[in-house]
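Participant: test case, fold it:
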Amino acid sequence: MKRRRVRVLHVVHRLDYGGLQRLVGAIVSLIDHDRFDSHVMTMTHFGPLAEGLAAFAELHQDESIPRFSMVWPRRASGKIRSIAPDVVHTHSGVWYKASLAARRAGVPRIIHTDHGRPHPDPWVARFLDGLAARRTDVVVAVSEALRRQLADTVVPDPARIRVIVNGVDTSRFGPRAVNGAVRRELGIPAGVPIIGSVGRLDPIKGYDVMIDAFAALRASWMGGDGPAPVLLLVGDGPERARLAALIEQSGLRDVARLAGWRKDVERVYPLLDVFTLSSWSEGTSLGLLEAMSAGVCPVVTAVGGSPAVLGGRLRERLVQPGDRAALAEAWRGALTQRERREADGAAARERVQQAFSLDAMVRRYERLYAGEDGASTAGVPGHGEGGAST
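Facilitator: Here you go, the predicted structure:
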């Protein structure tokens, strides 16, 4: 008899275009649909990414915002009970409440993926996540560095932690000819070099450091270095208004652009001469992987999983977080040494192809959902008492 599909419910805060949400989208779209029945629940309104997910997963919404829901998430628990998942997979931002609701709904298996910790990591967040970890069967870290941090500060039983690095679609995000129409749409003249970044405009990303470093680079740019670069930030988030004001105050209005979210970031990466991150903390940046897969030279801060993403060949492209002068100088070196920059872009593409396969990532999650990772399999269809077949 045919074994019934494992029902997996992903719980996220909101379906934005951020890296976490795009990763959830990749899992539910590429998972083996003959074996797994995917559902996604938001803890607030859906967000723009919901439109593309409906073809692959059933979408649900819970808006149990009141503070008492942290103690007794009655509505969320009822919603989860009505979905009747075999596995609840929580993601950063909802771990405490969603895991509590899942346990009270009687879900047999809870998996959590931590996509990166705040910086600094507040004790309240560590305390609440530590409580959530106690009722979570498997905690996934998206980098080895994050695994160590979780083991030291959050997860009381490190044996429950697995490392599954993020992956990207190397076909979608591949080297391609520069699209002049996209450049014109962004208002960037031909021949002007572009330093760019793609991600959520959040304090942890250190975009204020990036803008200050870019102002310093522009102020010291020499005519012999060629056309002065522009800065392109693709994304949105709570820092947008503050960053727009900082750009204005720094006299960069005409050369630093806040482009907002775009669905077609695969058309933007080929425009970039350098992809950059100024983050204070990272898990494994999806934007970094996408840019490297597209053959763009990276210059990023040496935090979280970023050093492991770059590997030994590209280690020289790392700078310390908060060091504006070093960041500006690293950009200058990349922009003024074209052959070396292009060679590093090719090495970046090769690195992602070898070590950050999207398919490999999805297969690892499939094993977790099916209970094939060595952790408890109680309640997973096909294992123990929960294995009824239809």
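Participant: low-confidence stretches in this protein?
Facilitator: Applying pLDDT under 70 to the chain picks out residues 1-2, 64-72, 374-390.
Participant: could you redo the last one with a cut-off of 90?
Facilitator: 1-4, 14-20, 22, 44-54, 62-75, 119, 177-180, 222-226, 263, 372-390 (pLDDT under 90).
Participant: quick one: the strands in it?
Facilitator: In the chain, strands defined by DSSP state E lie at 6-12, 36-42, 58-61, 87-91, 109-114, 138-141, 161-163, 194-198, 230-234, 256-260, 274-277, 297-301, 318-319, listed in chain order.
Participant: who touches the first one?
Facilitator: By C-beta atoms under 8 Å, 6 or more residues apart in numbering, the residues outside strand 6-12 that reach it are 20-21, 24, 27-28, 31, 35-43, 57, 60, 80, 83-91, 93-94, 98, 102, 107, 369-370, 380-381. Using the backbone N, CA and C atoms, a C-beta is placed for each residue, glycine as well.
Participant: partner strands of it, with direction?
Facilitator: Partners of strand 6-12 in the sheet, by DSSP bridges, are strand 36-42 (parallel), strand 87-91 (parallel).
Participant: tell me the angle of that strand relative to strand 109-114?
Facilitator: Angle of strand 6-12 versus strand 109-114, following axes from the mean of the first three to the mean of the last three C-alpha atoms, to 10 degrees, is 40 degrees.
Participant: now do strand 6-12: distance to the chain's middle.
Facilitator: Strand 6-12 sits 18 Å away from the centroid of its parent chain (C-alpha atoms, centre = their mean, to the nearest Å).
Participant: pull the longest helix from this protein.
Facilitator: Longest helix in the chain by number of residues (criterion: DSSP state H): helix 338-355.
Participant: including distance to Thr153, could the strands paired with strand 6-12 go into a markdown table?
Facilitator: Output for the strands paired with strand 6-12, formatted as a markdown table (distance: least, C-beta to C-beta, whole Å):
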| stretch | distance to Thr153 |
| --- | --- |
| strand 36-42 | 27 |
| strand 87-91 | 18 |
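Participant: and among the ones you listed, the most buried is which?
Facilitator: strand 87-91 (a mean of 26; mean count of other C-beta atoms under 10 Å).
Participant: any idea how far that strand is from the middle of the chain?
Facilitator: 16 Å.
Participant: contact partners of it?
Facilitator: 6-13, 20, 24, 80, 98-99, 102, 107-113, 115, 132, 136, 365, 369, 380.
Participant: likewise for stretch 140-156?
Facilitator: Residues from elsewhere that reach stretch 140-156 (C-beta under 8 Å, 6+ apart): 111-117, 121, 126, 129-130, 133-134, 139, 158, 161-166, 282-284, 304-305, 307-308, 368.
Participant: derive a ChimeraX selection command for the buried subset of these.
Facilitator: A single ChimeraX command selects the buried members of the contacts of stretch 140-156 (16 or more other C-beta atoms under 10 Å):
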select :111,112,113,114,115,116,117,129,133,139,161,162,163,164,165,166,282,283,284,304,305,307,368
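Participant: so of the contacts of stretch 140-156, which ones are in helices?
Facilitator: Mapping the contacts of stretch 140-156 onto helices (DSSP H) picks out 126, 129-130, 133-134, 307-308, 368.
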